[in-house]
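Visitor: need coordinates for the following:
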Amino acid sequence: MKRAKLPLLHLGAWCFFIINVLLTYPPAYVQQFGMMGLTVKTVSFYLTMAIGFYANYFLLTPVLLAGKRYVSFAFALLLLIAAMVGLFLLHALFIDWYLGTGSMFLDERRAMIPFMGFEIFFFVLISTGLRFSADWFRMQRLREELHREKVQAELALLRQQLSPHFLFNTLNNIYSLTVHRPEQAPQAMLRLSDLMRSVLRSVERDSVDVENEITQLQSYIELKRLQHSEPYRIDFLVEGDPAGLRIHPMLLLPLAENAFKHGDLHTPGAGVRLHLRIAEGTLTFIVRNAPTTGTRDTTSGIGLANVRRRLDLLYPDRHRLLIEATHELHTVTLSVELT
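Guide: Numbers count the residues shown, from 1 in each chain. Next up, the predicted model:
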């Protein structure tokens, strides 16, 4: 259907020219030659004009002008106009024969050769403009398709990175749990199993309910609380109504994971505070943690970089990711417009 659209537009334009001319013939002209005779004259005139129009549209403009062969284009254009003038003189001979008007139309055309040349040049100019416009729109569609394919390929790669990264980091923490607090390990493994099942279901989707992401956050936070003897150091607050809102999956969980990975949950007064707020279609997620004073976790940091790139691809000009770091406090603030 898309391929037929442009030819139909061209056909419609030629029909418009023909009908417009037929409607402007004086009544005396119609009476003298008849509507059928004038229709044959007008249709054959524009068919002749179409020869020059499409010779330029399909050959001169895309091959010579677009190829920056300007001298060759100018020379070919002059030849085309001269050839078209000759064709219109032959057309006049045909009309004189068809209508039985002697040499009336041929003599008229001879007297109007300069005007004919200008009219032909005008149509050729329209042809050039249309060809460049069609090529520009075609290239725009191609660029958009290539960009869309690139984005989809990149998102697929980013999605593939998410689950292994999250799983390896969490298993690393549970391993530590089995060493220091083995009684909590079975419950932690069950929570991890449920969480990973939810993550794997959502990560391949283009969007999920915000409520689903909140549930994943709550499950992950409960898992982290099992690992610490002072679970009150971990706080998660949700404000606003998430009903009906959707978001790309796994944008929030890596931010929480990053806070626990690099946060200090042992120094008195330190902890991790997560605040998710929804207002007027905008989701704001604030994660605060005191930076660790001990040995830093040197495992893969792909999560935060992954989130930043996906935000750029999925929510251009509709998000803000702000990271503030001092010696006392690290704060990550994510705002995403969901409507």
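Visitor: and the strands in the protein, which stretches?
Guide: 208-209, 234-239, 246-247, 272-279, 282-289, 319-325, 330-337 (DSSP state E).
Visitor: which residue is the nearest non-sequential neighbour of the residue in the chain sticking out farthest from the centre?
Guide: Distance to the chain centre peaks in the chain at Gly102, reaching 61.8 Å (criterion: C-alpha atoms, centre = their mean). Distances taken as C-beta to C-beta, 6 or more residues apart in numbering put Asp96 closest to Gly102, at 6.1 Å, once the chain neighbours are dropped. In short, each C-beta sits where N, CA and C put it, glycine included.
Visitor: for the one you found, grab the count of nearby residues.
Guide: Neighbour count of Asp96, defined by other C-beta atoms under 10 Å: 18.
Visitor: circling back to that earlier point, can you redo the strands of the chain as CSV with distance to Asn20, mean pLDDT and mean neighbour count?
Guide: Listed next are these as CSV, based on distance: least, C-beta to C-beta, whole Å; pLDDT from 0 to 100; neighbours: other C-beta atoms under 10 Å:
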stretch, distance to Asn20, mean pLDDT, mean neighbour count
strand 208-209, 56, 90, 17
strand 234-239, 65, 91, 15
strand 246-247, 51, 92, 18
strand 272-279, 57, 94, 18
strand 282-289, 53, 94, 20
strand 319-325, 52, 92, 14
strand 330-337, 49, 94, 18
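Visitor: and Tyr46, which of those is closest to it?
Guide: Nearest of the strands of the chain to Tyr46, taken as C-beta to C-beta: strand 330-337 at 52.3 Å.
Visitor: show me what that closest one is packed up against.
Guide: Contacts defined by 3 or more C-beta pairs under 8 Å, 6 or more residues apart in numbering; DSSP states H and E place strand 330-337 against helix 253-262, strand 282-289, strand 319-325.
Visitor: swap the cut-off to 7 Å and go again
Guide: Using 3 or more C-beta pairs under 7 Å, 6 or more residues apart in numbering; DSSP states H and E as the contact test, the elements touching strand 330-337 are strand 282-289, strand 319-325.
Visitor: does anything pack onto the first one? Which helices or strands?
Guide: Read it as strand 282-289. Taking 3+ C-beta pairs under 7 Å, 6+ apart as contact, the helices and strands that strand 282-289 lies on are helix 253-262, strand 272-279, strand 330-337.
Visitor: just the shortest one next, same as before
Guide: In this structure, strand 319-325 makes packing contacts with helix 302-314, strand 330-337, judged by 3+ C-beta pairs under 7 Å, 6+ apart.
Visitor: tell me how far Val272 lies from Leu77.
Guide: Going from Val272 to Leu77 by C-beta to C-beta, to the nearest Å gives 73 Å.
Visitor: export the helices and strands packed on strand 319-325 to a markdown table and tack on distance to Val40?
Guide: Formatted as a markdown table, those follow (distance: least, C-beta to C-beta, whole Å):
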| stretch | distance to Val40 |
| --- | --- |
| helix 302-314 | 59 |
| strand 330-337 | 62 |
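Visitor: nearest to Ala82, out of those?
Guide: Of all the helices and strands packed on strand 319-325, helix 302-314 sits nearest to Ala82, with 54.8 Å by C-beta to C-beta.
Visitor: wait, which of the strands of the chain is closest to Pro182?
Guide: For the strands of the chain, proximity to Pro182 was assessed by C-beta to C-beta; strand 234-239 is nearest, at 21.1 Å.
Visitor: ok, that closest one: who's next to it in the sheet?
Guide: strand 272-279 (parallel) (DSSP bridges).
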